[in-house]
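In: following is a predicted model, sequence given first.
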Amino acid sequence: MPVENYLELLPIILLGIFFFAVTAYMLYWAANRGYFRNMDAQSRVIFTEEEPEGELSDSFPNKD
């Protein structure tokens, strides 16, 4: 591919740089807000008394 045709890829390259910059900023923002602190406790938030941690409550039906 000649060098002149690489200019057709410029919008895609710029979009890639933009999305990378936005993603890096979002990770920086989340880290500063403390969303990555104490991840073990945050992972247990979804468990309740009805569905306790470590107890199997859902299963697929048996195939006969």
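Out: Structure's in. What do you need?
In: quick one, helices of the chain?
Out: 10-33, 39-43 (DSSP state H).
In: Pro61: neighbouring residues, count only.
Out: The tally of other residues near Pro61 (other Cβ atoms under 10 Å) stands at 5. C-beta coordinates here come from the backbone N, C-alpha and C atoms, glycine included.
In: ok, it to Ala30 distance?
Out: In this view, Pro61 and Ala30 are 40 Å apart by Cβ to Cβ, to the nearest Å.
In: the helix or strand of the chain with the lowest mean pLDDT packs against which elements?
Out: Sorting the helices and strands of the chain by mean pLDDT, DSSP states H and E puts helix 39-43 at the bottom, at a mean of 77. Judged by 3 or more Cβ pairs under 8 Å, 6 or more residues apart in numbering; DSSP states H and E, helix 39-43 has no packing partners among the helices and strands.
In: just give me how far it sits from the chain centre.
Out: 16 Å (Cα atoms, centre = their mean, to the nearest Å).
In: what bits of the protein have low per-residue confidence?
Out: Within the chain, the ranges that satisfy pLDDT under 70 run 1-4, 64.
In: mind doing that once more with 90?
Out: Counting by pLDDT under 90, the chain shows low-confidence ranges at 1-10, 34-64.
In: hang on, the earlier thing: just the CA coordinates for the least confident helix or strand of the chain, please, in PDB.
Out: Listed next in PDB are the C-alpha coordinates belonging to helix 39-43 (Å, rounded to 0.1, in the frame of the first residue of the first chain):
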ATOM      1  CA  MET A  39     -12.700  -5.400  46.100                       C
ATOM      2  CA  ASP A  40     -13.200  -8.500  48.300                       C
ATOM      3  CA  ALA A  41     -15.900  -6.900  50.300                       C
ATOM      4  CA  GLN A  42     -17.500  -5.300  47.200                       C
ATOM      5  CA  SER A  43     -17.700  -8.700  45.500                       C
END
